[in-house]
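Asker: Below is the sequence, then the predicted model.
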Amino acid sequence: MSLQTLFFSSLGVVFMSSALGANILAVFSCAFPSHLIVEISMAKVLAENGHNVTVITTLKPHVSHKNINLIYIPLTKEEQLSQDASIASMVERDNSNMVSALFRMRDQVSFAFKKNRNVMKDRRVIDLYENKDNQFDLVMIGYFLNDFQIGIAQKLKVPVVIATSMFQWEVFESMLGSVQAKPASFFSERLGNLIISNALRLFTYAIKLDNAKAYKELYGNDPSMPAYADLNKNVSLVLFNSYSFSEGPIRSSVPAVIEVGGIQIKDKPDPLPLKIANFLSDAKDGAILLCLGSNVKGAHLQPSTVKKMFNVLAKLKQKVIWKWEDLNKIPGKSENILFSEWVPQNDILAHPKIRLFINHAGRGGITESQFHGKPMLSLPVFGDQPANADKMVKDGFGLSMSLLTLEEQPFHDKIKEVLENPKYTQKVKAFSKLFRDRPLTARQSVLYWTEYVLRHHGAPHLQSPLVHMGFIAANNLDVYAFLTCISIFILSSCQFIVKLVYRKMTGNAHIRKLKIL
């Protein structure tokens, strides 16, 4: 092949790729940073590969790209204060039981729900479907109990891909057709799973009532819009922040389930800020990262708890990087502790000097720690965090303790145990190899399957037939009713025949007896 032919062939590929770039609308309006980190990472993958992505968000993303067009609808000052107060109140409560914690999170869920609803009323959002000059090929919804937002895809008449920082659970049943409860072998575990599963369904039902009301409020005046109950029939697939091949639990699934756990983790870590890099370079005994996520701030913690944590950490020979938002009011001064109002968590965890990650058991942080093979001490706060911490401990990747009842000696002992017992590091490093070993990386999976939906006009063949069935048909209630009726008919017929034969036989015997007499 001549150089000229090669040049024009390459040029053709470039123009072909550019022409095939889709216009994607991403609704990432959930006001929780941990959700946005995962969701915007998916958008960036699409943007880097030639797609134009319009992102609706209530928070400033941590990443950007020239192909990402941001529609930023920030929290008001009152909303921010309300959210902070709600999180502070949850930090002060025992949230060790996931189900009861979910119901106690009602205020937090309600806050996110109201913001999601108000975002859809913003003039800039409405203009996306009312202005006929806007052309979109697909809608990506950042999912957190906000089914009603799928309505914007119906307005645009395009397929839907769900992007979520969560794992599979009962709330996704109507999108996927079926989500099995976590399998278990022991009776007590199966009984517990059944109770939790039904409690989650009850929680989901209450949320869906709110969704139906919001959907009617936003789109009820448009007769061309489908019924709320039919919204999820337009969902092509769900991108989950999980990877059950290594994480578990193993369960039957459907083609519309695509797992991209670790999507927020870069292929190659970015260089650390100079101050942090210099601090770690001098850590001859290793270092610890302490970060309780984006929602829980130092000001939310009890001063006595902070003091206990500082007293323990200041006496360690390891260096400590502590995420702390107010540098004017740090817990104390110690040569081995570096307070930072922001930390590049994933990049720090990738550093070879990090020997322990003290976290709040958010899925994002645990996933990053597992990916980089770092053992953990988790201090769960609310939501799914206690369950995440329990699983992490069960898998042998570290230890967990209550932040609410934290005391110096147990905190010290658990840090020393994880640091000095090699079994935790060995376990998590072995898992890291398993977690990374995939036919497609998380980033490749997002790109391939999103483009698959685009190529196949929504890819309805990926959907389970259960998605399009009503409750009665999906649960075979009509079949059971039919079989019950047939059974009753057969039994009744048999009973009638037996009685008829009996009467016939006893009647003939009675007649013969009379003749003899």
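Answerer: Nice, I can see it. On a predicted model such as this, the values are computed, not experimentally measured, just so you know.
Asker: what ranges do the strands span in the chain?
Answerer: Taking DSSP state E, the strands of the chain run over residues 23-28, 52-57, 68-72, 138-142, 160-163, 235-240, 257-259, 287-290, 319-323, 337-340, 354-359, 376-378, 398-400.
Asker: Show me where the stretch 51-200 of the chain dips below the pLDDT cut-off.
Answerer: Within the stretch 51-200 of the chain, the segments meeting pLDDT under 70 span 92-107, 179-186.
Asker: swap that for the chain, please
Answerer: Residue ranges of the chain with pLDDT under 70: 1-19, 92-107, 179-186, 507-517.
Asker: which helix is the longest one in it?
Answerer: When the chain is parsed with DSSP state H, its longest helix is helix 477-516.
Asker: show me what contacts the spatially most central residue of the chain?
Answerer: Centrality entry for the chain: nearest residue to the mean C-alpha point is Met166, 0.9 Å, by CA atoms, centre = their mean. Neighbouring residues of Met166 by CB atoms under 8 Å, 6 or more residues apart in numbering: 143-144, 240-241, 363, 384. The C-beta positions use only the backbone N, C-alpha and C, and glycine is treated the same way.
Asker: Now list the buried members of the residues you listed.
Answerer: Buried subset of these (neighbour count, 16 or more other CB atoms under 10 Å): 143-144, 240-241, 363, 384.
Asker: so can I have CSV of those residues showing distance to Ile337?
Answerer: Output for the buried ones among the contacts of Met166, formatted as CSV (distance: CB to CB, whole Å):
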residue, distance to Ile337
Tyr143, 38
Phe144, 34
Phe240, 37
Asn241, 31
Arg363, 27
Asp384, 29
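Asker: Any chance of the strands of the chain in CSV with distance to Val306 as columns?
Answerer: CSV is the format used below for the strands of the chain (distance: least, CB to CB, whole Å):
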stretch, distance to Val306
strand 23-28, 32
strand 52-57, 31
strand 68-72, 33
strand 138-142, 33
strand 160-163, 35
strand 235-240, 35
strand 257-259, 37
strand 287-290, 11
strand 319-323, 10
strand 337-340, 12
strand 354-359, 13
strand 376-378, 16
strand 398-400, 19
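Asker: The ones you listed: which one's closest to Ala88?
Answerer: Closest approach to Ala88 among the strands of the chain is made by strand 319-323 (16.9 Å; CB to CB).
Asker: Give me the sheet partners of that closest one and which way each runs.
Answerer: Each strand paired with strand 319-323, and its direction, by DSSP bridges: strand 287-290 (parallel), strand 337-340 (parallel).
Asker: Give the buried residues for the last one.
Answerer: Judged by neighbour count using 16+ other CB under 10 Å, the buried positions of strand 337-340 are 337-340.
Asker: Columns distance to Ile37 on top of these, output as TSV?
Answerer: Converted to TSV, these look like this (distance: CB to CB, whole Å):
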residue	distance to Ile37
Ile337	25
Leu338	23
Phe339	22
Ser340	18
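Asker: Outline the domain layout of the chain.
Answerer: Here the domain parsing of the chain from automatic domain parsing is 19-265+441-465, 274-436, 476-507.
Asker: My read is that Asn211 contacts Asn232, right?
Answerer: No. The criterion here is CB atoms under 8 Å, and Asn211 misses it with Asn232 at 10.4 Å.
Asker: what's the overlap in contacts for those two?
Answerer: Asp147.
Asker: Name the residue in those two with the higher neighbour count.
Answerer: Set Asn211 next to Asn232 and count neighbours by other CB atoms under 10 Å: Asn211 wins out with 22 against 19.
Asker: coming back round to it: which strands and helices lie in contact with the longest helix of the chain?
Answerer: If you count contacts as 3 or more CB pairs under 8 Å, 6 or more residues apart in numbering; DSSP states H and E, helix 477-516 packs onto no helix or strand.
Asker: how distant is it from the center of its chain?
Answerer: The chain centroid and the centroid of helix 477-516 are separated by 59 Å, computed with CA atoms, centre = their mean, to the nearest Å.
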